[in-house]
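[1] Let's see this in three dimensions:
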Amino acid sequence: MANPFLDSIAKRRSIYHIGKNVNLSQDQLSELIQTAVEQSPSSFNSQSSRAVILFGQASVDFWEIVRETLRKIVPEAAFEATSNKISSFAAGFGTVLFYEDQDIIKNLQEQFALYAENFPVWSEHSTGIAQFAVWSALANENIGATLQHYNPIIDDEVAARFGIPASWKLRAQMPFGSIESPAGDKNYMQRDERFKIFG
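    From the prediction side, this is the model:
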């Protein structure tokens, strides 16, 4: 069955070898990322997802914060490999930082006490959908990306460097850029191990 949407999201892969040779401008990429987040659903239409888009030196500075934070905790013998990985992320065209606004979640918990314990869970759903939407939108422009999680150890320094509101909670980081090497083949589980169909 032909399905353009499924064909489209199949392009989304983890691309680790990225560069700066993208065909879109910063303005075009900012528009793409913002639209992808805006069009992502959220519980009660809370729109709790936030994104910080870093280009150029700002992106490099972010990854230097990650590198220097890890330098303090990674054993010296293992640090070179860690540093090389961070350099591969910094080599891209930019980075998206995904946040969730905790004030939105707290307000919903107060307004709808019956569902209070669910709103943090639903917030994680929202950010996951937003991340997938941005990742897929980038892939459809032939821009590679990966999803990284160096939070929470970098949170305070990143917040200070980029003026992040105190209520924003960092959930993931997405370095992106030109695809300098393609992803390898992807293996899939047997469907009968993963799905059940009734009816």
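[2] any idea which helix or strand comes after whichever strand in the chain runs longest?
    Under DSSP state E, the strand in the chain containing the largest number of residues is strand 168-179. Later in the chain than strand 168-179, the nearest helix or strand by DSSP states H and E is helix 191-194.
[3] How far off centre is that next one?
    In terms of Cα atoms, centre = their mean, to the nearest Å, the centre of helix 191-194 is set 28 Å apart from its chain centre.
[4] my guess is residue 61 meets residue 161, correct?
    Yes: between residue 61 and residue 161 there is a contact under Cβ atoms under 8 Å: 6.6 Å. (C-beta placed from N, C-alpha, C; glycine too.)
[5] which residues touch the worst-scoring helix or strand of the chain on mean pLDDT?
    Ranking every helix and strand in the chain by mean pLDDT, DSSP states H and E puts helix 4-9 at the bottom, with a mean of 94. Contacts to helix 4-9, defined as Cβ atoms under 8 Å, 6 or more residues apart in numbering, come from residues 136, 139-140.
[6] quick one: which of those is nearest to residue 52?
    Proximity of the contacts of helix 4-9 to residue 52 was ranked by Cβ to Cβ; the top entry is residue 136 with 19.5 Å.
[7] What residues of the one helix or strand the closest one maps to count as buried?
    Secondary structure assignment for residue 136, by DSSP H and E: helix 119-139. For helix 119-139, the neighbour count (16 or more other Cβ atoms under 10 Å) marks 119, 122-123, 126-131, 133-139 as buried.
[8] so where is this protein shaky, pLDDT-wise?
    Counting by pLDDT under 70, the chain contains no low-confidence range.
[9] Next, the angle from the longest strand of the chain to helix 119-139.
    Here strand 168-179 runs at an angle of 20 degrees relative to helix 119-139 (axes from the mean of the first three to the mean of the last three Cα atoms, to 10 degrees).
[10] Could you tell me which other helices and strands strand 168-179 packs against?
    Judged by 3 or more Cβ pairs under 8 Å, 6 or more residues apart in numbering; DSSP states H and E, strand 168-179 is in contact with strand 18-19, helix 56-71, strand 94-101, helix 119-139, strand 143-145, helix 155-162.
[11] Export the contacts of helix 4-9 to CSV and append columns for distance to residue 38.
    As requested, the contacts of helix 4-9 are exported to CSV (distance: Cβ to Cβ, whole Å):
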residue, distance to residue 38
136, 15
139, 18
140, 17
